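In: Dropping the sequence and predicted coords here.
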Amino acid sequence: MLEKQIRETVDYIKRKIECVPEAAIVLGSGLGGFADSLEDAVAIPYEEIPGFVTSTAPGHKGQMVFGKKKGNYVLCMQGRFHYYEGYTMAQITFPVRVIKALGTPKLILTNSCGGLDPKFEPGDLMMITDHINFMGANPLIGPNEDMFGCRFPDMTKVYNKELAQKARTCAKELSIDLKEGVYVGYSGPSFETPAEIRMFQMLGGSAVGMSTVPEVITASHCGLEVLALSCITNLAAGILDQPLSGEEVIEVAGKAGQKFAELLEKIVEII
């Protein structure tokens, strides 16, 4: 059933685009502006794509955009699907399998998240070097999709070291202080409690957010090369004596958007 659905989706998309994208980029909350800069862009709303659900999260435009950036043909997802929206893990990771089936080899994931490291500041960019899955679920539960990968995929080298080094080089050339750390995936939609934040810090987490981890696990199963970047939009609960809000996340991500776009543009140019 999944194989048939993916084939239908891929066939539909291929009728809309000129060639196979060299990289796919998932744009998180408040970071969707990068897709607006693509040349010769073709946008396809999610509701028109077979097998896709609707993105309901604030700051997510809800469409695939295909176009050129620095001479490379790329696919951008302006918004993603989240577990907290009530979708299944299979639904929120379906686009990752479609990206693989299209023949696109590289996946760049972005998100807005809370900083666990007190040295972080809102607006900082962080490259994810590893993650902790604290969502209480795994997208690979159920019958294995043999067309994509093995039953027990190794997670030792999920985040591609070559892409990570290229990201470091790009950040250095742009004089961007690119932080690095471990991302904790949390289901949401409530923000974490101060006690949970202290636990995540003790476990070695650097940032916490409500996305990305299911997509990374699925991408690893598919054999995609993964790079993941976070925008630190706030310090997590209990670090500062102030309440958290979704509006703050989108506002700070928007302010950091230009810096994020410059880094993405540079990375796309050399990958």
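Out: The structure has been received and is ready for your questions. Residues are numbered from 1 along each chain as shown.

In: okay, now the nearest residue to residue 28 once chain neighbours are set aside: neighbour count?
Out: Distances taken as CB to CB, 6 or more residues apart in numbering put residue 111 closest to residue 28, at 3.8 Å, once the chain neighbours are dropped. From N, CA and C alone the C-beta is placed, and that goes for glycine too. Using other CB atoms under 10 Å, residue 111 is surrounded by 28 other residues.

In: Over to residue 40?
Out: 9.

In: Check residue 83 too.
Out: So residue 83, with other CB under 10 Å, has 24 neighbours.

In: can you check residue 70 too?
Out: A count of nearby residues for residue 70, using other CB under 10 Å, gives 12.

In: My read is that it contacts residue 268, right?
Out: Yes: with contact taken as CB atoms under 8 Å, residue 70 and residue 268 are classed as touching, separated by 5.7 Å.

In: Next up, the contacts around the residue nearest in space to the middle of the chain.
Out: With distances taken as CA atoms, centre = their mean, residue 109 lies nearest the centre of the chain, 2.9 Å away. If a contact means CB atoms under 8 Å, 6 or more residues apart in numbering, then residue 109 has 25, 26, 28, 212, 215, 216, 219, 226, 227, 228, 229 as its contacts.

In: what are the pairing partners of whichever strand or helix holds the residue nearest to residue 28, and which direction each?
Out: For residue 111, the element it lies in under DSSP states H and E is strand 106-115. Sheet pairing for strand 106-115, assigned by DSSP bridges, gives strand 23-27 (parallel), strand 207-209 (antiparallel), strand 225-235 (parallel).

In: least reliable of those strands going by mean pLDDT?
Out: Comparing mean pLDDT across the strands paired with strand 106-115, the weakest is strand 225-235, with a mean of 93.

In: Output that strand as PDB, nothing but the C-alphas.
Out: The C-alpha coordinates for strand 225-235 follow below in PDB (Å, rounded to 0.1, in the frame of the first residue of the first chain):
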ATOM      1  CA  GLU A 225      22.600  12.000   3.600                       C
ATOM      2  CA  VAL A 226      21.400  14.200   6.500                       C
ATOM      3  CA  LEU A 227      22.400  17.700   7.700                       C
ATOM      4  CA  ALA A 228      20.300  19.300  10.400                       C
ATOM      5  CA  LEU A 229      20.300  22.900  11.600                       C
ATOM      6  CA  SER A 230      18.500  24.600  14.500                       C
ATOM      7  CA  CYS A 231      17.600  28.200  15.200                       C
ATOM      8  CA  ILE A 232      17.700  28.800  19.000                       C
ATOM      9  CA  THR A 233      14.600  31.000  19.500                       C
ATOM     10  CA  ASN A 234      14.500  31.000  23.300                       C
ATOM     11  CA  LEU A 235      16.100  29.500  26.400                       C
END
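
In: Work out the gap between it and the centre of the chain.
Out: Chain-centre distance of strand 225-235: 8 Å, with CA atoms, centre = their mean, to the nearest Å.

In: In the stretch 1-150 of the chain, where is pLDDT below threshold?
Out: Low-confidence segments of the stretch 1-150 of the chain, defined by pLDDT under 70: 30, 58-60.

In: quick one: the strands in it?
Out: Listed in chain order, the strands of the stretch 1-150 of the chain (DSSP state E, counting those that start in this stretch) span 23-27, 39-45, 63-69, 72-78, 106-115, 125-134.

In: Turn those strands into TSV, including distance to residue 188.
Out: Listed next are these as TSV, based on distance: least, CB to CB, whole Å:
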stretch	distance to residue 188
strand 23-27	17
strand 39-45	24
strand 63-69	23
strand 72-78	19
strand 106-115	11
strand 125-134	11
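
In: Let me know which of those strands is the nearest to residue 146.
Out: Taking CB to CB, strand 106-115 is the member of the strands of the stretch 1-150 of the chain nearest to residue 146, at 20.6 Å.

In: Pull the distance from that closest one to the chain's centre.
Out: Its chain's C-alpha centre lies 4 Å from the corresponding centre of strand 106-115 when counted by CA atoms, centre = their mean.
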